[in-house]
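Colleague: sequence plus predicted model, see below.
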Amino acid sequence: MSKDTFPGCWDSSCSGHVDAGEDYVTAARRELGEELGWHDASLPLRPLVKLFASPETGYEFIQIYIMGPISGPFTLHPEEIAEGRWIVADELDILIGEYPEQVAGALRLLWSRHRGEILAAI
């Protein structure tokens with residue numbers, strides 16, 4: 001609930017900002033550690049989709065990575081994540097379709113534009 005945008009909403013499994021001097025992969029690995037407690041650097045992150053800054057993205061650049069398969073264990077950051085769970089594509093379709101206010105804007109945008117690519121990659 002302390003997030004500055006979309007507090008209390010479902011979002012991607014892990015997200016964050018790229019710090020000065022970092023590249024996207026380094027930032028993604030750092031965020032995996034901070035938010036999910038996942039520190040295994042041997043697991044490859046595969047870049048999937050990149051969106052450029054626009055009003056739809058809150059003027060942020062977005063890079064999606066696919067990693068896995070992994071099943072944990074995860075340690076969710078209590079100040080960042082209130083609840084974590086696995087959700088299948090059909091459930092996400094229903095959640096976005098029936099309760100869009102419960103889903104962060106970037107996740108709604110990415111899912112609407114790139115659902116097929118995401119599903120094909122996992």
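Modeller: Alright, I've got the coordinates.
Colleague: list the buried residues in stretch 26-39.
Modeller: Ala27, Ala28, Arg29, Arg30, Glu31, Leu32, Gly33, Glu35, Leu36, Trp38 (16 or more other C-beta atoms under 10 Å). For glycine as for every other residue, the C-beta is placed from the backbone atoms N, C-alpha and C.
Colleague: quick one: which helix or strand includes the fourth one?
Modeller: Assignment of secondary structure by DSSP states H and E places Arg30 within helix 24-36.
Colleague: how far off centre is that helix?
Modeller: In terms of C-alpha atoms, centre = their mean, to the nearest Å, the centre of helix 24-36 is set 11 Å apart from its chain centre.
Colleague: how about the CA coordinates for that helix, as CSV?
Modeller: Extracted in CSV, the C-alpha atoms of helix 24-36 (Å, rounded to 0.1, in the frame of the first residue of the first chain):
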residue,chain,number,x,y,z
TYR,A,24,18.7,-3.3,-17.5
VAL,A,25,19.9,-6.8,-16.6
THR,A,26,21.9,-5.6,-13.6
ALA,A,27,18.8,-3.7,-12.4
ALA,A,28,16.5,-6.7,-13.0
ARG,A,29,18.8,-9.0,-11.0
ARG,A,30,19.0,-6.4,-8.2
GLU,A,31,15.2,-6.1,-8.0
LEU,A,32,14.8,-9.9,-8.0
GLY,A,33,16.9,-9.9,-4.9
GLU,A,34,15.3,-7.0,-3.2
GLU,A,35,11.7,-7.8,-4.0
LEU,A,36,11.6,-11.6,-4.2
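Colleague: what mean pLDDT does it get?
Modeller: Helix 24-36 comes out with an average pLDDT of 93.
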